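1. Task: produce atomic coordinates for the following.
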Amino acid sequence: MSQKHNAIGGSESLRREAAAAQTSNGASLARVAVVMVVSPGEAEIALDSLTRAALLSPRDTTFFLADNTGDLATIAAFPPQLARPLVILPVQGAPRPYFEIARAVFSLLSRVAPFAPELVIKIDPDTVVLSPLFFIDLMELVRQADFAAAQITCQSFGNNFRRLFRLMLDVLPIGITRTEANTRYGAISRLRLGRAWHWRGTLTALIRWRAPRAYPSGGAYGLSGRMLARLGASGRLVTSGSDGLEWNDDILLPLLIRALGGKIVDVRSTAAANGWRWMHGSRYFEAEDLHQPGVRAAHPLKNTPSDLTIRQLLPHPTK
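-> All right, here's what the predicted structure looks like:
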């Protein structure tokens, strides 16, 4: 894939949009930056998730949305409905497939980096923030660490081996890439000439034996502004190059942070662990579980009848 197909927005247009958002809202720009990638079929739940998160976020928060829907008119209606500034960045060639999600996230982070936020929080459209403590926990953790998330340790040898095998192939100058197919992970069916776009950071982590067995279990994570600046300055957020086999930013971003010697903290190892108990890759909760005291957020709540019903049963925060 050429670089232009993965580029998000442009630095000058981003600065103009962000400045306009700051002026209209009167808030300090991007001390906390919340980033989200929205793809086809996610606009409805993304708006619900964004409005809830905005009402619960610190006052000096700016939201950055990568629009991968291919439907500019729908996403353009979002900003007036949020309690915080929202900058929309179109993904060129949208909609891009799911197996390019890491590229989209890295490119989005590269556009946020020039604004030097103290904290970047990435949330998925199917993540529902339920308490201001969601933001407070991450703000406190990244004061001492570079990356914070509710993590899961992968104990399966098969899963670990497949992930390591994908990463090892991606650092080779010749390998395999994914192409669009009926499944969201694509078809592994094309020869790749040239290294995958993330090869530098991945190779460094593998050489230093820093490939983690634990990774975010779904929905959200926090990244310190210090580490974001290091990632940008080192050129590790550049996404030019071919697609590899590994697609997941939950895997590639912590890997890169560890390659740079960064510190990662598992929210489930802190005193706040119980509040993050419903942050998983699959839904293990019902509506009544989310009314329990101290719950920070829930993931996933997708665009399905049963999940939409749960969203409707949740109290909506107010200003």
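
2. With residue 73 as the reference, measure out to the spatially most central residue of the chain.
-> Geometric centre of the chain, nearest residue: residue 122, 4.0 Å, by Cα atoms, centre = their mean. Separation of residue 122 from residue 73 (Cβ to Cβ, to the nearest Å) stands at 25 Å. In this view, the C-beta of every residue, glycine as well, is placed from N, C-alpha and C.

3. Could you give the average pLDDT over stretch 73-92?
-> For stretch 73-92, mean pLDDT is 94.

4. Equivalent analysis for stretch 181-201, please.
-> On average, the pLDDT along stretch 181-201 is 90.

5. likewise stretch 262-272?
-> For stretch 262-272, mean pLDDT is 94.

6. Would you mind listing where the stretch 201-319 of the chain has pLDDT under the threshold?
-> Along the stretch 201-319 of the chain, the model assigns pLDDT under 70 to residues 212-213, 319.

7. Strands of that one, start to end?
-> Using DSSP state E, counting those that start in this stretch, the strands of the stretch 201-319 of the chain run over 214-216, 220-224, 264-266, 297-298.

8. For residue 162, find the nearest of the ones you listed.
-> Closest approach to residue 162 among these (Cβ to Cβ): strand 214-216, 13.4 Å.

9. so what secondary structure elements neighbour that closest one?
-> Counting contacts by 3 or more Cβ pairs under 8 Å, 6 or more residues apart in numbering; DSSP states H and E, strand 214-216 is packed against strand 151-153, helix 249-259.

10. rerun that using 10 Å as the cut-off
-> strand 147-149, strand 151-153, helix 249-259, strand 264-266 (3 or more Cβ pairs under 10 Å, 6 or more residues apart in numbering; DSSP states H and E).

11. Please tabulate those in a markdown table, including the columns mean neighbour count and distance to residue 302.
-> Shown next, in a markdown table, are the helices and strands packed on strand 214-216 (neighbours: other Cβ atoms under 10 Å; distance: least, Cβ to Cβ, whole Å):
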| stretch | mean neighbour count | distance to residue 302 |
| --- | --- | --- |
| strand 147-149 | 27 | 20 |
| strand 151-153 | 18 | 19 |
| helix 249-259 | 24 | 17 |
| strand 264-266 | 19 | 25 |
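
12. closest to residue 165 out of those?
-> Proximity to residue 165 (Cβ to Cβ) singles out helix 249-259 among the helices and strands packed on strand 214-216, at 12.7 Å.

13. Distance from the chain centre to the closest one, please.
-> 12 Å (Cα atoms, centre = their mean, to the nearest Å).

14. what is the orientation angle of that helix with strand 220-224?
-> Here the directions of helix 249-259 and strand 220-224 differ by 30 degrees (axes from the mean of the first three to the mean of the last three Cα atoms, to 10 degrees).

15. going forward, begin numbering at 5 instead of 1
-> Sure, I'll start counting at 5 from here, so that last one is helix 253-263.

16. C-alpha coordinates for helix 253-263, PDB please?
-> Output of helix 253-263 as PDB, limited to C-alpha atoms (Å, rounded to 0.1, in the frame of the first residue of the first chain):
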ATOM      1  CA  ASP A 253      -2.200  -1.700  17.700                       C
ATOM      2  CA  ASP A 254      -2.800  -3.400  21.000                       C
ATOM      3  CA  ILE A 255       0.100  -5.600  20.100                       C
ATOM      4  CA  LEU A 256       2.400  -3.200  18.200                       C
ATOM      5  CA  LEU A 257       2.200  -0.100  20.300                       C
ATOM      6  CA  PRO A 258       3.200  -1.800  23.700                       C
ATOM      7  CA  LEU A 259       5.900  -3.700  21.700                       C
ATOM      8  CA  LEU A 260       7.300  -0.400  20.400                       C
ATOM      9  CA  ILE A 261       7.100   1.200  23.900                       C
ATOM     10  CA  ARG A 262       9.000  -1.700  25.400                       C
ATOM     11  CA  ALA A 263      11.600  -1.500  22.600                       C
END
